[in-house]
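> sequence and predicted model, in that order:
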Amino acid sequence: MPGLRCRPSAAGARPSRAGGGSLAELELLRGRLVRLAAELDTADGPSTGTLFDALAAVRGGGHEGERVLRGHLDADQVAVVGARAKALGPAAHYLLEIEWPELYRRAERLRTAGIPAADPRVRRVAARMDELSAQFNGGDPAIGAGVRAAWREDPAALSGDPDAPADAYRALGDYLDRARDAGADA
């Protein structure tokens, strides 16, 4: 159906209206994408703010996700994430919008099936998520911890999905943390 897309959530992908469809929302989206396109043509690439705006436009969220994230990362850490995302180029979109949500859905299926967090399948999912994280945070554990804390605080703001189930996301985050701990012990 036109205008529907899947937004990742802890419970899996759900269809939702992209952008709501009003003329004002479409103009806002257009403006964000025009700015992104113009900055992509420069030698410096897009600014961190423009990247956040583009992600918000694609995911349907606003500046609320950026506000939550900035509550857990300082300006230098935000700059690192922005620079790393720029360096990834188009792959950043794939990682953020395709692969990462699929890893979360896979982990949630394992969790709800009662698979222990120490199971190698769960540890592999958590390890791949950490590999993806390192591509955006440069391997800085403080940035990774800050991003995870932001997601725990307000998954609805970061996902752009006002119905994102915070308790389910937190349960999944705890499950993945136990898998990481089990992997460190192995």
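Ah, there it is.

> which parts of the chain are helices?
Secondary structure of the chain, counting by DSSP state H: helices at 23-40, 48-59, 64-70, 75-88, 90-94, 100-112, 120-137, 141-153, 155-159, 166-185.

> redo those helices as a markdown table? Include mean neighbour count and mean pLDDT.
Placement of C-beta: from N, CA and C, glycine included. A markdown table is the format used below for those (neighbours: other CB atoms under 10 Å; pLDDT from 0 to 100):
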| stretch | mean neighbour count | mean pLDDT |
| --- | --- | --- |
| helix 23-40 | 13 | 67 |
| helix 48-59 | 20 | 57 |
| helix 64-70 | 18 | 83 |
| helix 75-88 | 16 | 89 |
| helix 90-94 | 13 | 87 |
| helix 100-112 | 18 | 94 |
| helix 120-137 | 17 | 95 |
| helix 141-153 | 17 | 91 |
| helix 155-159 | 21 | 82 |
| helix 166-185 | 16 | 90 |
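
> show the contacting residues for Leu69.
If a contact means CB atoms under 8 Å, 6 or more residues apart in numbering, then Leu69 has Val78, Gly146, Val147, Ala150, Leu158 as its contacts.

> cool, Arg128 as well?
When contacts are counted by CB under 8 Å, 6+ apart, Arg128 is found next to Leu103.

> any idea how far it lies from Leu88?
Plainly put, Arg128 is 16 Å away from Leu88 if you go by CB to CB, to the nearest Å.

> then Ala118?
Going from Ala118 to Leu88 by CB to CB gives 31 Å.

> what's the closest non-adjacent residue to Ala142?
Nearest residue to Ala142 in three dimensions, chain neighbours excluded: Gln77, at 7.0 Å (CB to CB, 6 or more residues apart in numbering).
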